[in-house]
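Undergrad: Got a predicted structure plus its sequence, pasted below:
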Amino acid sequence: MIVRIATEGQYELTESDAEVFNQLDNHAVGACEAGGEEQFHSAFTELLKFVRGNGHAMPEDRLEPSDVILPPPDVSFEEAKAEFTGEGLIPG
Amino acid sequence: MPGLSGRMSTVIKAKISKLLDRAEDPSETLEYSYQKQIELLQNVKKGIADVVTSKKRLQLQEQKLRDQVVKLDTQARQALAAGNEELARTALERKNVAQTELQSLDSQVAQLEQQQEQMTASEQKLRAKIEQFRSRKEVIKAQYSAAEAQVRISEAATGVGEEMADVGLAMQRALDKTENMKARADAVQELEAAGTFEDFTQLGAGEDDIDRQLRQLSSSSEVENELAKMRAELGSGGGGPAGELGAGEPAGAEQQAGPSQGQGS
């Protein structure tokens, strides 16, 4: 599975890592919806750490679309919430 | 629940497919997409130049403030040596404001430095993808049947389209941050224009608005501490306590008059 961390780059995860990824991803959403800013940031940081640590950075000359895209590492709690309700980080 | 990544992916993919829908003929899609990539690359370059300009401007302001800090410090010493404690206090209050601004400028310059590095890295990555796309484009045009070309074009264009959307996002965020700093730099410049950091001895005797604001802004305890330190430095060899300033001026003041100019901290 190819995961992009927005504004950072793409990483390739193995199938078994993909499962852990999904759990962490859902955990981050849960924290975001529960409304806890600190909780969200720690869950999101954990998710980023997992991708960077377990994934292989994709070489720059590969042209493959990602399976999923994570918000930028410096995403604010407000922005993350807007991802689910408003128009999200990418306008237009 | 699609996860945090789900929604983000959906939005970016929708954006890419909108981009690709514009052209129907495969080779037209290729050229259109390539043209867009080159445009974006130009924009990124412009964005980097913007950040660099802002950084230089802040650095110039920093230098000015640094000069003011030295000047106000010297003036405070001179005022104190001459026995004008009130004037010395005002100078130190202003020095305090200038130093606070200086600290904030420092961290802003560091942030801009980081933005610049990040955008430069984005530019290089995008350049590599575009190069890859360009060579693939020629292969696709030369070697594949229309149906097969369609599939390969869509793959390549989606891959590079995602990179484009991402670089666009990185740039937007970098420029937003830069914009905030510009606003702050403008505010500092207004303070400067209002004479906040100017040579205060030229303002005349009357206390104006700025003086009152400064009094509120600066932490008076810090000023008092500095005053006490200066008093001690300027005071007679015995290093008498602050209250004895008036008594000991002739010998002590003369002795310190020379070195006081060069005494930055």
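TA: Noted; the coordinates are in hand.
Undergrad: how about the helices in chain A?
TA: With DSSP state H as the criterion, chain A has helices at A:15-34, A:37-54, A:77-85.
Undergrad: Can you name the residues in contact with the first one?
TA: Contact partners of helix A:15-34, identified using Cβ atoms under 8 Å, 6 or more residues apart in numbering or on different chains, comprise A:1, A:3, A:13, A:39-40, A:42-44, A:46-47, A:50-51, A:54-55, A:68, A:70, A:77, A:80-81, A:84, B:1, B:3-6. Where you see a C-beta, it was placed from the backbone N, CA and C, and this is true even at glycine.
Undergrad: quick one: buried residues of it?
TA: Buried positions in helix A:15-34, judged by neighbour count with 16 or more other Cβ atoms under 10 Å in any protein chain shown: A:17-18, A:21-22, A:24-32.
Undergrad: What's the mean pLDDT across that helix?
TA: Here helix A:15-34 scores 86 as its mean pLDDT.
Undergrad: For it, list the C-alpha coordinates in PDB.
TA: Provided in PDB are the C-alpha atoms of helix A:15-34 (Å, rounded to 0.1, in the frame of the first residue of the first chain):
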ATOM      1  CA  GLU A  15       0.100  -5.500   3.700                       C
ATOM      2  CA  SER A  16       0.500  -6.400   7.300                       C
ATOM      3  CA  ASP A  17       1.600  -2.900   8.100                       C
ATOM      4  CA  ALA A  18      -1.400  -1.600   6.300                       C
ATOM      5  CA  GLU A  19      -3.700  -3.200   8.900                       C
ATOM      6  CA  VAL A  20      -1.900  -1.500  11.700                       C
ATOM      7  CA  PHE A  21      -2.000   1.700   9.700                       C
ATOM      8  CA  ASN A  22      -5.800   1.500   9.400                       C
ATOM      9  CA  GLN A  23      -6.200   1.000  13.100                       C
ATOM     10  CA  LEU A  24      -4.000   4.000  13.900                       C
ATOM     11  CA  ASP A  25      -5.800   6.000  11.300                       C
ATOM     12  CA  ASN A  26      -9.200   5.200  12.800                       C
ATOM     13  CA  HIS A  27      -7.900   6.000  16.200                       C
ATOM     14  CA  ALA A  28      -6.800   9.400  15.000                       C
ATOM     15  CA  VAL A  29     -10.300  10.000  13.600                       C
ATOM     16  CA  GLY A  30     -11.900   8.900  16.800                       C
ATOM     17  CA  ALA A  31      -9.700  11.300  18.800                       C
ATOM     18  CA  CYS A  32     -10.600  14.100  16.400                       C
ATOM     19  CA  GLU A  33     -14.400  13.400  16.600                       C
ATOM     20  CA  ALA A  34     -14.300  13.100  20.400                       C
END
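Undergrad: Just the angle for it relative to helix A:37-54, thanks.
TA: Inter-element angle recorded for helix A:15-34 and helix A:37-54: 170 degrees (by axes from the mean of the first three to the mean of the last three Cα atoms, to 10 degrees).
Undergrad: tell me the mean pLDDT for stretch B:137-157?
TA: Over the span of stretch B:137-157, the pLDDT mean works out to 81.
Undergrad: and that stretch, C-alpha only, in PDB?
TA: The C-alpha trace of stretch B:137-157 is given here as PDB (Å, rounded to 0.1, in the frame of the first residue of the first chain):
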ATOM      1  CA  LYS B 137       4.900  10.700 -22.300                       C
ATOM      2  CA  GLU B 138       7.100  10.200 -25.300                       C
ATOM      3  CA  VAL B 139       7.100   6.400 -24.900                       C
ATOM      4  CA  ILE B 140       3.400   6.300 -24.600                       C
ATOM      5  CA  LYS B 141       2.900   8.500 -27.700                       C
ATOM      6  CA  ALA B 142       5.300   6.400 -29.700                       C
ATOM      7  CA  GLN B 143       4.500   2.800 -28.600                       C
ATOM      8  CA  TYR B 144       1.000   2.200 -27.500                       C
ATOM      9  CA  SER B 145      -2.300   1.700 -29.200                       C
ATOM     10  CA  ALA B 146      -5.000   4.200 -28.400                       C
ATOM     11  CA  ALA B 147      -6.800   2.000 -25.800                       C
ATOM     12  CA  GLU B 148      -3.600   1.000 -24.000                       C
ATOM     13  CA  ALA B 149      -2.200   4.500 -24.200                       C
ATOM     14  CA  GLN B 150      -5.400   5.800 -22.500                       C
ATOM     15  CA  VAL B 151      -4.700   3.500 -19.500                       C
ATOM     16  CA  ARG B 152      -1.100   4.400 -19.200                       C
ATOM     17  CA  ILE B 153      -1.700   8.100 -19.600                       C
ATOM     18  CA  SER B 154      -4.200   8.000 -16.900                       C
ATOM     19  CA  GLU B 155      -1.800   6.200 -14.500                       C
ATOM     20  CA  ALA B 156       1.100   8.600 -15.200                       C
ATOM     21  CA  ALA B 157      -1.100  11.700 -15.100                       C
END
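Undergrad: Can you mark which positions in that stretch are buried?
TA: Buried residues in stretch B:137-157, counted by 16+ other Cβ under 10 Å: B:137, B:140, B:149, B:152, B:153, B:154, B:156, B:157.
Undergrad: Inside helices: which ones of those?
TA: Among these, the members falling in helices (DSSP H) are B:137, B:140, B:149, B:152, B:153, B:154, B:156, B:157.
Undergrad: Nice, that's everything, thank you.
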